[in-house]
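Asks: Next come a sequence and a model predicted from it.
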Amino acid sequence: MSQDRSEYSEGDLRNTGMSLKHDREWDYELDRIVDAVSERDAETVGLQFPEGLKRRAKAVTDDLREHLPDDVTVMTSGQPCYGACDLDTYLMRRTDVFVHFGHSPMKESEKIIYVPLFSNVEVTPIMEESLAELADPDEEPAVGLVTTAQHMNKFEDMREWLEERGYEVHTRRGDDRLTHEGQVLGCNYASADVDADQILYVGGGKFHPLGLAMEHPDKHVVIADPVNNVVTIADPEKFLKQRYASVHKAMDAENWGVIFCTKIGQGRWEQAQEIIENNDDAYLVTMDEVTPDRLTNFGFDAYVNTGCPRITTDDGPQFKQPMLTPGEYEIATGQKPMEELSFDTFHGTW
Ligand code: SF4
């Protein structure tokens with residue numbers, strides 16, 4: 001998700017009937033992988049791709065096989081993957097070289113080769129269009145700049161481009177969960193915490209900037225989407241209404257399933273533990289992938305998800321019972337007023 005759940009699925013428009021406006025070619029950094037295999041005298045190589053790039057596994061394996069000794073086995077993770085929080089630890093333990101494509105590192109490890117796969121889409125044409133939604137730099141020069149890992153290779157170009165047009169560009173590196181200055185994740189917008197009332201988000205999709213706008217309601221968030229070629233303003237109202245509706249529905253719940261996610265970078269044990277300690281009608285459920293099907297047989301009245309916040313917010317309507325974030329749970333159980341509803345963010349690594 002991006003580095004995040006939604007990032008690649010949003011860029012992949014096969015299911016929307018639209019077509020990609022730009023071809024995207026990726027650099028799989030095969031030389032780095034081949035070198036690592038030879039340095040470590042590896043016999044096994046594990047590959048992990050995010051959902052939108054899984055179809056490339058076959059071609060990447062073919063290319064690697066061509067360059068690797070015949071006795072090296074290349075295998076690809078078939079587990080769903082939405083972020084660097086979501087490493088296939090099973091495959092990682094059983095392979096000599098493990099390659100995670102499509103996300104920047106959440107936590108560096110000698111064992112893992114991260115291949116970020118930067119987009120080659122040009123960002124300045126859409127930034128040009130976004131100027132119409134930003135304040136005139138003579139009146140309000142300060143602008144915050146954020147992007148996703150996918151476009152991080154163009155971040156300095158974006159900054160310079162804005163500065164050349166008279167803006168004062170404010171950026172920061174968020175927290176440990178983020179690799180780069182100006183990078184946002186679907187669960188972390190700490191890099192937008194800058195001294196500017198307007199933020200320019202350059203990246204694909206609407207989910208990131210919606211979370212950003214909810215996390216920073218006092219800021220004007222302009223979305224320059226170079227993948228789909230559109231400029232929009234993040235308006236979290238519809239999204240908030242959906243969250244209010246889920247919270248209201250959950251207020252009648254007599255019992256709760258509290259989901260603790262076992263994915264390496266999605267575990268919030270203390271939060272899950274605190275909920276069950278204080279509510280006898282709350283039951284801890286552990287799982288990796290959280291899907292509506294997997295919850296069907298439990299039959300709880302409502303759920304609290306302490307794993308990836310995007311599952312709750314983006315996929316929430318697909319669950320039969322209300323699925324809440326930990327903060328929303330506090331509202332539904334009367335511990336906090338509705339006005340305190342905010343976006344669920346995730347900090348730290350593991
Ligand atoms: S927990 Fe964060 S980084 Fe991981 S998939 Fe969800 S939004 Fe992306």
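Replies: Looks like it came in fine. Numbers count the residues shown, from 1 in each chain.

Asks: got any ranges where the stretch 1-150 of the chain has weak pLDDT?
Replies: Applying pLDDT under 70 to the stretch 1-150 of the chain flags residues 1-25.

Asks: Could I get the full set of strands for it?
Replies: Secondary structure of the stretch 1-150 of the chain (DSSP state E, counting those that start in this stretch): strands at 44-48, 73-76, 97-101, 112-115, 142-147.

Asks: Dump those into JSON lines; add distance to Tyr28 and mean neighbour count as well.
Replies: (Glycine included, C-beta is placed from N, CA and C.) JSON lines is the format used below for these (distance: least, Cβ to Cβ, whole Å; neighbours: other Cβ atoms under 10 Å):
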{"stretch": "strand 44-48", "distance to Tyr28": "9", "mean neighbour count": "23"}
{"stretch": "strand 73-76", "distance to Tyr28": "12", "mean neighbour count": "17"}
{"stretch": "strand 97-101", "distance to Tyr28": "7", "mean neighbour count": "26"}
{"stretch": "strand 112-115", "distance to Tyr28": "6", "mean neighbour count": "20"}
{"stretch": "strand 142-147", "distance to Tyr28": "21", "mean neighbour count": "23"}
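
Asks: out of the ones you listed, which comes closest to the ligand?
Replies: Evaluated with Cβ to the nearest ligand atom, the strands of the stretch 1-150 of the chain place strand 97-101 nearest to the ligand, the distance being 12.4 Å.

Asks: export that closest one as CSV, just CAs?
Replies: Written as CSV, here are the backbone C-alpha positions of strand 97-101 (Å, rounded to 0.1, in the frame of the first residue of the first chain):
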residue,chain,number,x,y,z
VAL,A,97,19.1,-14.2,-1.5
PHE,A,98,15.8,-12.5,-1.0
VAL,A,99,14.6,-9.7,-3.3
HIS,A,100,11.7,-7.4,-2.4
PHE,A,101,10.6,-5.4,-5.5
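
Asks: Just give the strands next to that strand in its sheet, each with its orientation.
Replies: strand 44-48 (parallel), strand 112-115 (parallel) (DSSP bridges).

Asks: follow-up on the earlier one: same list, the strands of the stretch 1-150 of the chain, but as TSV with distance to Ile275 please.
Replies: Output for the strands of the stretch 1-150 of the chain, formatted as TSV (distance: least, Cβ to Cβ, whole Å):
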stretch	distance to Ile275
strand 44-48	31
strand 73-76	36
strand 97-101	31
strand 112-115	32
strand 142-147	31
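
Asks: could I get the strands paired with strand 97-101 as CSV with distance to the ligand?
Replies: Shown next, in CSV, are the strands paired with strand 97-101 (distance: least, Cβ to the nearest ligand atom, whole Å):
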stretch, distance to the ligand
strand 44-48, 13
strand 112-115, 13
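
Asks: Contact partners for the residue in the stretch 201-350 of the chain positioned nearest to the ligand?
Replies: Residue of the stretch 201-350 of the chain nearest the ligand, by Cβ to the nearest ligand atom: Cys308 (3.2 Å). Taking Cβ atoms under 8 Å, 6 or more residues apart in numbering, we find Cys308 in contact with Met1, Arg5, Tyr82, Gly83, Cys85, Gly186, Cys187, Cys261, Lys263, Gln266, Val290, Phe346.

Asks: now swap in Pro226 and tell me
Replies: His22, Ser119, Val121, Glu122, Val123, Pro125, Ile126, His151, Val202, Gly203, Gly204.

Asks: try it again with 7 Å
Replies: Val121, Glu122, Val123, Ile126, Val202 (Cβ atoms under 7 Å, 6 or more residues apart in numbering).

Asks: Repeat that for Leu324.
Replies: Residues in contact with Leu324 (Cβ under 7 Å, 6+ apart) are Ser246, Val247, Ala250, Ala302, Tyr303, Val304, Thr312, Ala332.

Asks: what do you get if the cut-off is 6 Å, keeping everything else the same?
Replies: Counting by Cβ atoms under 6 Å, 6 or more residues apart in numbering, Leu324 makes contact with Ala250, Val304.

Asks: now Asp225
Replies: The contact partners of Asp225, by Cβ under 6 Å, 6+ apart, come to Gly204.

Asks: quick check, nearest of the contacts of Pro226 to Thr95?
Replies: Relative to Thr95, the closest of these is Val121; by Cβ to Cβ it sits at 31.9 Å.

Asks: for the closest one, phi and psi?
Replies: Per-residue torsions, Val121: phi -70, psi 140 (degrees, to the nearest 10).

Asks: Tally up the residues packed near it, please.
Replies: The number of residues packed near Val121 is 21, by other Cβ atoms under 10 Å.
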